[in-house]
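> please find the sequence and the predicted model below.
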Amino acid sequence: MRLDVLTIFPEYLAPLNVSLVGKACARGVLDVRVSDLREWTYDRHNTVDDTPYGGGPGMVMKPDPWGEALDTVLADGYEAGAHTPALVVPTPSGRPFTQELAVELSERPWLIFAPARYEGIDRRVMDEYATRMPVYEVSIGDYVLAGGEAPVLVITEAVARLLPGVLGNAESHRDDSFAPGAMADLLEGPVYTKPPVWRGRAIPSMLTSGHHGKIARWRRDEALARTAEMRPDLIERCDPAGFDKKDRETLSILGWAPEPGGRFWRRPSVVEE
Ligand code: J9Q
């Protein structure tokens, strides 16, 4: 996969050379190119922003540097044999970044990231490049950042670990919270390792019982409890056909009951302590 990043803070992308993404690059699975957007400014101050039409706070990134930078990166990439690019623009007004979207992006051979500072990029840039390639405007969550560089790191890590040959056998995709598949719709419960007692705290005895069926059931119950506590929206969204008899029993103890439609809803009588 080829990955271009156009940014006014190229140093911010240094972590792309580290850890999993760095290894993917070293192994030749990923070809990362970071370019400084200011290379495509031609005034004395390397201006990339201007005041918004219609007034209002903040500054908007000018279309010209983006247009020239994107045209150059596209020409370079095509010349190097890359094809079917997609533009990824991190923005709080984008579609939520999910594991499903990570999988979709990981299946594309060429991603071009356009992280913006200030109040965003002149809309005409996304409109123009949308006529030539898919444009993904993506939000990594509901909070305020100074710019899209951190989201680029987040999205890149989520995508890179899905590329063939990047993850070792030790880490597999299936059981991750949010991975499409096995535990798809539940959060993971607690995990433990040696020593068996740490600062007077023992591990749950269940885990050394050797009863693999009981351990699996216990883990499932812990996952249900954790999800109900931290992400009740995930329980509500669950297809009830995915719950077995014991799941229903556990959910009932946690204060959840099926609606007439079958989906689970938390009984209003149960309140937090
Ligand atoms: C560019 N807050 O926030 C959440 N996902 C993306 C963003 C974001 C931001 C500011 C600038 C992206």
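Arrived safely, thanks for sending.
> the lengthiest strand in the chain near the ligand at all?
Counting residues, the longest strand found in the chain (DSSP state E) is strand 85-96. Yes - Strand 85-96 lies within reach of the ligand by Cβ under 6 Å from any ligand atom, at 90-92. Every C-beta, even on glycine, is put in place using the N, C-alpha and C of the backbone.
> quick one: which of the residues you listed has the most company?
Greatest neighbour count in these, by other Cβ atoms under 10 Å, goes to Pro90: 25 neighbours.
> any idea what it is bridged to?
Pro90 forms beta bridges with Val138, as assigned by DSSP bridges.
> save the residues of strand 85-96 next to the ligand as TSV, and put in pLDDT too.
Shown next, in TSV, are those (pLDDT from 0 to 100):
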residue	pLDDT
Pro90	98
Thr91	98
Pro92	97
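> from those residues, which is closest to Thr156?
Among the residues of strand 85-96 next to the ligand, Pro90 lies closest to Thr156 (Cβ to Cβ), at 10.8 Å.
> other residues contacting the lowest-mean-pLDDT helix or strand in the chain?
Least confident element among the helices and strands of the chain, by mean pLDDT, DSSP states H and E: helix 19-26 (a mean of 93). If you take Cβ atoms under 8 Å, 6 or more residues apart in numbering as the criterion, helix 19-26 is touched by 15-17, 30-32, 156-157, 160-161, 163, 166-167.
> and the top helix by length along the chain, what does it pack against?
When every helix of the chain is counted residue by residue (DSSP state H), the longest turns out to be helix 212-230. Counting contacts by 3 or more Cβ pairs under 8 Å, 6 or more residues apart in numbering; DSSP states H and E, helix 212-230 is packed against helix 232-237, helix 245-253.
> got those helices as a markdown table, with mean pLDDT and distance to Leu187 columns?
Output for the helices and strands packed on helix 212-230, formatted as a markdown table (pLDDT from 0 to 100; distance: least, Cβ to Cβ, whole Å):
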| stretch | mean pLDDT | distance to Leu187 |
| --- | --- | --- |
| helix 232-237 | 97 | 7 |
| helix 245-253 | 98 | 14 |
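> among those helices, which is nearest the ligand?
Nearest to the ligand, of all the helices and strands packed on helix 212-230, is helix 232-237, at 18.5 Å by Cβ to the nearest ligand atom.
> low-confidence ranges, the stretch 151-273 of the chain, go.
Along the stretch 151-273 of the chain, segments meeting pLDDT under 70 span 169-184, 270-273.
> output the set of residues of it in proximity to the ligand.
Residues of the stretch 151-273 of the chain found near the ligand (Cβ under 6 Å from any ligand atom) are Pro151.
> following the longest strand of the chain, which helix or strand shows up next?
Per DSSP states H and E, strand 85-96 leads on to helix 99-106 as the next helix or strand towards the C-terminus.
> that following helix vs strand 85-96, what angle?
With axes from the mean of the first three to the mean of the last three Cα atoms, to 10 degrees applied, the angle from helix 99-106 to strand 85-96 works out at 170 degrees.
> use 47 as the first number for this chain going forward.
From this message on, residue numbering opens at 47, which makes the last subject helix 145-152.
> list the buried residues of helix 145-152.
Under the neighbour-count criterion of 16 or more other Cβ atoms under 10 Å, helix 145-152 has 145, 147-148, 151-152 buried.
> mind giving me the packing neighbours of whichever helix or strand comes after that helix?
Using DSSP H and E, the helix or strand that follows helix 145-152 in sequence is strand 156-159. Contact partners of strand 156-159 among helices and strands, from 3+ Cβ pairs under 8 Å, 6+ apart: strand 48-53, helix 109-125, strand 131-142, helix 195-206.
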